[in-house]
Every structure is written in structure tokens, then in C-alpha cells.
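Visitor: Show me how the following folds:
(one chain, ligands or ions: 1)
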Amino acid sequence: MPTLYVVATPIGHRDDITLRALQILRQVDTVAAEDTRHTRALLDHHGISARLVSYREHNEERASAELIARLQAGESFALVSDAGTPLISDPGYRLVREARLAGIDVVPVPGANAAITALSVAGLATDRFCFEGFLAARGPARRKQLMLVRDETRTLVFYEAPHRIVDLMADMVSVFGEAREVVIGRELTKKFEQLWSGSAAAAVAALAGEEIPVRGEFVVLVAGALPADSTADETEQFRVLSLLLPELPPKKAAELTASITGGNKKDLYAQAVAIKQSKG
Ligand code: SAM
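Guide: Got it, this is the predicted structure:
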């Protein structure tokens, strides 16, 4: 059966590749790679002499059509990217989608991924998280994207290139506030691996002072926003409703309380009726 294997490769340390990935890379007819020279070095390190073809962002459309035709003719391929898991902020989406639509078997061969690697050691909540990947390159668009996740309570995960990390952190201070907890994973699994944690404002200072060198690859994790304090909201709603009820009918008191506190009119009406009844 012709098969497209989607194979994860290391994000730094060359030995962070699974036994199954090495076996698949040995066995397939061809390996489709983002940068064939980079992948050749990895394969050489593991003594694998596979045939390589280029599959990258700028030739994705043409290369996908060619690879699908070859898969349909019976060849098997492994798709790899320069680092980590293909398709995760890397090319491959078009090929995988078209292969599946064409009824070709697409088989995952999982392994390293920078976001999960950073999450596994950051000490931030991992039960739920939002992968935001790379944000827009330009400041206004980037700040708008940050605004959209400002109140997100799940841990946020960003990828960033070294030439934008300073601007990204400055924008995070302006949108999330100085105190938001941040963990920066730099050069993970590599020689100069660094895991830094502190406030967003401290991160800006650490980058300015070279405590965090502005070099290498970065994953930025941001603690989720604190959930809105619903208990405080409810206490305020009850206080306003109780003040208005002796003066107004329940429906009117609920309406006014809703517009003053932002509470839910229907819930407040039910509460108003209950308060009235309890007072006989
Ligand atoms: N497909 C990859 C994955 O599975 O994580 C991501 C590829 S994306 C083009 C490259 C970005 O991933 C880098 O700019 C950086 O944000 C992050 N990254 C990759 N390797 C990393 C590493 N060793 N340490 C920190 N971040 C890394």
C-alpha cells in the first residue's frame, strides 16, 4: 500500500528521533524534506541513505501535486520538516489534506515538538493550553492578535524568531500587563538550552540585559489570565438588587441591576422574586 508517513524529527538534539522514525526513513522510497541539505545531515548522522525531494512553503502547490501522483502510482513517502513535527508551524498541510482526500493512507510517526517540549518543563498549567504559533510580523497586527487572547485563561504558547522576540515581549507587556507570568524556552535540547521564567516586564529587562541572549530559537509560554472573579460579581449584584427591591417591583429592580452590574436579567429576576418571597 502506498503510504505517506508524516515523520517528526529532532528540534535540536540529533538523537531525539524515535526508533520507528528511523525505520520508516530507511524503508520509504523517498523522503520529502523542507531543506534537503539539512535533512541529509540528519540522515547521514543515523547512517540512512534515502532519496530526498524538496517540499517547502514556496513550492508546496506544485510539489504536492507531484507527490500525490507518485503516491497514486504506488510509491511511499516520508514527509519531514527541518525540525520537530511537520505541519506544526511548518509545511505539509496541503499535501496531507490532498493525500487524505485522494484516499491515500497517511500515517503519523510522532516525536519532538517545541511547544510540547517547552510545556513539559515550564511549570505552567498544561491541562489546557492554546497554541498561537507565530504571530504577525508587524506591530499593530501582532498587538491585535494579542488582544484577542488577553483574557484567555488557558496557558498560551507562542513561537518567535530571534529578530522579533524583543518586540513581541514589549507588546506582551503592553497588552497582558507587566506582571503576567512568562516562561521562555530558548534553544531547547541544544547546547545553550535556557529556560527562563518571570514576569513579562522582567523578560523585557532580561532580553535588554542579555540575561536572555537574543539568539537562537524561542518558545514563549504565557500563564493564562485569572478567571473573572464571579464571586465578587455576584456579591455586587446581590447588594444592588437588595437596595432597589424595597423601592421597585422585582422586574424593574432586576432590569436596573442588570444594567448597573452587567448581570443576567433573567437570573436577577429569579433572585429578586426569591428575595421578596423570603421576606414574606
Ligand atoms: N515543527 C516545529 C515543531 O514541531 O515545534 C516548529 C517549526 S517552526 C518553523 C520553528 C519555530 O519553532 C522556532 O522559530 C521556534 O519558535 C520553535 N522552535 C523550534 N525548535 C526549537 C528549540 N530547539 N527551542 C526553542 N524553540 C524552538
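Visitor: any idea how far the residue nearest to V173 when sequence neighbours are not counted lies from V28?
Guide: Excluding its sequence neighbours, the residue lying closest to V173 (C-beta to C-beta, 6 or more residues apart in numbering) is A200, at 4.7 Å. Quick note: C-beta positions are derived from backbone N, CA and C, even for glycine. In this structure, A200 lies at 45 Å from V28, with C-beta to C-beta, to the nearest Å as the measure.
Visitor: So between these two, which is more surrounded?
Guide: Set side by side, A200 and V28 show unequal neighbour counts under other C-beta atoms under 10 Å, the larger going to A200 at 23 against 20.
Visitor: so that one makes contact with G177?
Guide: Yes - here A200 lies in contact with G177, judged by C-beta atoms under 8 Å, at a distance of 7.0 Å.
Visitor: Pretty sure L124 sits against V219.
Guide: No - using C-beta under 8 Å, L124 and V219 do not qualify as a contacting pair, with a distance of 11.6 Å.
Visitor: Between the two, tell me which one has more neighbours.
Guide: When neighbours are counted by other C-beta under 10 Å, V219 comes out ahead of the other of L124 and V219, with 23 against 20.
Visitor: Contact residues of the stretch 51-200 of the chain facing the ligand?
Guide: Residues of the stretch 51-200 of the chain found near the ligand, taking C-beta under 6 Å from any ligand atom as the criterion, are 81, 83-85, 88-90, 113-115, 159-161, 185, 187-190.
Visitor: Please parse the chain into its domains.
Guide: By the record's domain assignment, the chain is partitioned as 3-112, 115-222, 228-278 (automatic domain parsing).
Visitor: In a markdown table, list the ones you listed along with mean pLDDT.
Guide: Formatted as a markdown table, the entries for these read as follows, by pLDDT from 0 to 100:
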| stretch | mean pLDDT |
| --- | --- |
| domain 3-112 | 96 |
| domain 115-222 | 97 |
| domain 228-278 | 85 |
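Visitor: Quick one: residues contacting R56.
Guide: By C-beta atoms under 8 Å, 6 or more residues apart in numbering, R56 lies in contact with E34, D35, A63, P91.
Visitor: Skipping its backbone neighbours, what lies nearest the second one in space?
Guide: What it means is D35. Leaving out its chain neighbours, the residue that sits closest to D35 by C-beta to C-beta, 6+ apart is D82, at 5.4 Å.
Visitor: tell me, how many neighbours does that neighbour end up with?
Guide: The local packing of D82 (other C-beta under 10 Å) involves 16 other residues.
Visitor: got it, and the one 4 residues further on?
Guide: Other residues near P86 number 28, with proximity taken as other C-beta under 10 Å.
Visitor: beta partners for the residue in the chain that the ligand sits nearest to?
Guide: Nearest residue of the chain to the ligand: G84, at 2.4 Å (C-beta to the nearest ligand atom). Assessed by DSSP bridges, G84 has beta-bridge partners T9.
Visitor: so where do the helices sit in the stretch 1-150 of the chain?
Guide: Assigned helices in the stretch 1-150 of the chain, in chain order: 19-27, 36-45, 60-72, 93-101, 114-122, 139-148 (criterion: DSSP state H, counting those that start in this stretch).
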